[in-house]
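Undergrad: Return atomic coordinates for the entry below.
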Amino acid sequence: MGIFWQSQAALILAVTVLVALLLFMEGLYLLWKSHHGPEARKISQRLDRISAAATPAAQAVLKDGQGDVSAWLAAWLPGEQRLSQHWGSLLMQADLRWPLSVFLLGSAALGLLAYGLVVTLAQQSAVVGALAALALGSVPLAYALRKRHLRLSQIERQLPEALDLMARALRAGHAFSSALQMVGEEMNEPIAGEFRVVHDEINYGVSLPQALAHLTARVPVTDLRYVVVAVLIQRESGGNLTEVLSKLGDLIRQRLRLLARVRVLSSEGRLSAWILGLMPFILGGLMAVFNPDFMRPLWTDPIGIAIVKYLLGLMLVGVLLLLKIVRIRV
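TA: Numbering: from 1, shown residues only. Presented below is the predicted three-dimensional model:
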């Protein structure tokens, strides 16, 4: 009997430990989900968007934004508040969850790494090292600008459909705030999140003109500014807002259609720019592989190194000119 009860007690203890372990893991999961789960991320993003365009006092009440810089970094940066607002807005518009301190320190670390590799390992001058540091250190900035451009372009393409949805909602008898809520609930991201923020701001007591001004600060799209101006003028002078939104949606849609046509017609020029920009590097790489003795003086002889430096500088100027030629604004 004693052996039986000992085995039962051991089994009960094992089951109890297992249940306690499962409950502990479940608690850890619920704790993680409450801070880093999808709902928590969605609430954090909405608060970030609200605080991005709010006053400093409102930002302190809402939450610490992504633009905050660590204290020791702020002590070394002149005009830290302007820097925080500018770069914080850039990261917010790109929908990147990077703290500003990490963004700046990461760029500086990449620049120092490039400088050290070029100066110590490649045995190049400090000027070449500085250029390499500038090129590699600007990679995070280029990535953020690219993400920002893609996100704003997507919002611009979604704007006509959002205006049509708002016009249908107003035509059905809904209020303007309800139309904003419908866009936030029924449209896809990223425009849905921005209109949800406007609706939340109005519910929190922010006036409609101020909420729309915050929207244009978060989303610097020209067509959206026209929409905001039209809505504010209609509120002051009266008129049929449904017809105004419908006509603006048609006008924006026609402009986007014209822009797509211009891009098609200019595709040959953009392709030529890519070919002219990449061909010297491709040919140089092929010649370095198949005839290395012919290409070796370009990085071993001082005259060859000077020629490469001047050629790279002239190619950079040519690429910038080509980009300006093929970039057509509509």
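Undergrad: so how far is residue 274 from residue 156?
TA: Residue 156 sits 24 Å away from residue 274, going by CB to CB, to the nearest Å. Backbone N, C-alpha and C define where each C-beta goes, glycine included.
Undergrad: Compare those two (neighbour count), which wins?
TA: When neighbours are counted by other CB atoms under 10 Å, residue 156 and residue 274 differ, and residue 156 comes out ahead with 19 against 12.
Undergrad: Setting the sequence-adjacent residues aside, check what's closest to residue 154.
TA: Closest residue to residue 154 apart from its sequence neighbours, by CB to CB, 6 or more residues apart in numbering: residue 190 at 6.2 Å.
Undergrad: State the phi and psi torsions of the one you found.
TA: phi -90, psi -10 (degrees, to the nearest 10).
Undergrad: So what touches the one helix or strand residue 275 maps to?
TA: Secondary structure assignment for residue 275, by DSSP states H and E: helix 267-290. Outside helix 267-290, the residues within contact range by CB atoms under 8 Å, 6 or more residues apart in numbering are 294, 295, 311, 315, 318, 319, 322, 323, 325, 326.
Undergrad: CA atoms only for that helix - export them in PDB, please.
TA: Extracted in PDB, the C-alpha atoms of helix 267-290 (Å, rounded to 0.1, in the frame of the first residue of the first chain):
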ATOM      1  CA  SER A 267       9.300  54.100 -70.000                       C
ATOM      2  CA  GLU A 268      11.800  54.100 -72.900                       C
ATOM      3  CA  GLY A 269      13.700  57.000 -71.500                       C
ATOM      4  CA  ARG A 270      13.700  55.500 -68.000                       C
ATOM      5  CA  LEU A 271      15.000  52.200 -69.400                       C
ATOM      6  CA  SER A 272      17.700  54.000 -71.300                       C
ATOM      7  CA  ALA A 273      18.700  55.800 -68.100                       C
ATOM      8  CA  TRP A 274      19.000  52.400 -66.300                       C
ATOM      9  CA  ILE A 275      21.100  50.900 -69.100                       C
ATOM     10  CA  LEU A 276      23.400  53.900 -69.300                       C
ATOM     11  CA  GLY A 277      23.900  53.900 -65.600                       C
ATOM     12  CA  LEU A 278      24.500  50.100 -65.200                       C
ATOM     13  CA  MET A 279      26.400  49.300 -68.400                       C
ATOM     14  CA  PRO A 280      29.900  50.700 -67.300                       C
ATOM     15  CA  PHE A 281      29.800  48.600 -64.100                       C
ATOM     16  CA  ILE A 282      28.600  45.500 -65.900                       C
ATOM     17  CA  LEU A 283      31.300  45.900 -68.600                       C
ATOM     18  CA  GLY A 284      34.000  46.700 -66.000                       C
ATOM     19  CA  GLY A 285      33.000  43.600 -64.000                       C
ATOM     20  CA  LEU A 286      33.100  41.300 -67.100                       C
ATOM     21  CA  MET A 287      36.500  42.700 -68.200                       C
ATOM     22  CA  ALA A 288      37.900  42.200 -64.600                       C
ATOM     23  CA  VAL A 289      36.800  38.600 -64.700                       C
ATOM     24  CA  PHE A 290      38.000  37.600 -68.200                       C
END
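Undergrad: mind listing what's buried in whichever helix or strand residue 105 is part of?
TA: Residue 105 is located in helix 100-116, with elements delineated by DSSP H and E. Within helix 100-116, the residues that count as buried by 16 or more other CB atoms under 10 Å are 100, 101, 103, 104, 107, 110, 111, 114, 115.
Undergrad: Show the secondary-structure elements that it is packed against.
TA: helix 71-76, helix 80-93, helix 126-137, helix 139-171 (3 or more CB pairs under 8 Å, 6 or more residues apart in numbering; DSSP states H and E).
Undergrad: The helix or strand residue 293 falls within: how far from the chain's middle?
TA: Element membership for residue 293 (DSSP H and E) is helix 292-295. Distance, stretch centre to chain centre, for helix 292-295: 43 Å (CA atoms, centre = their mean, to the nearest Å).
Undergrad: Other residues contacting it?
TA: 284, 287, 288.
Undergrad: Can you report how many residues lie near the first one?
TA: It stands for residue 284. So residue 284, with other CB under 10 Å, has 14 neighbours.
Undergrad: ditto for the last one
TA: Using other CB under 10 Å as the criterion, residue 288 is surrounded by 14 other residues.
Undergrad: Need the per-residue pLDDT for it.
TA: Residue 288 carries a pLDDT score of 81 in this model.
Undergrad: again with the first one
TA: The predicted local distance difference test score for residue 284 is 83.
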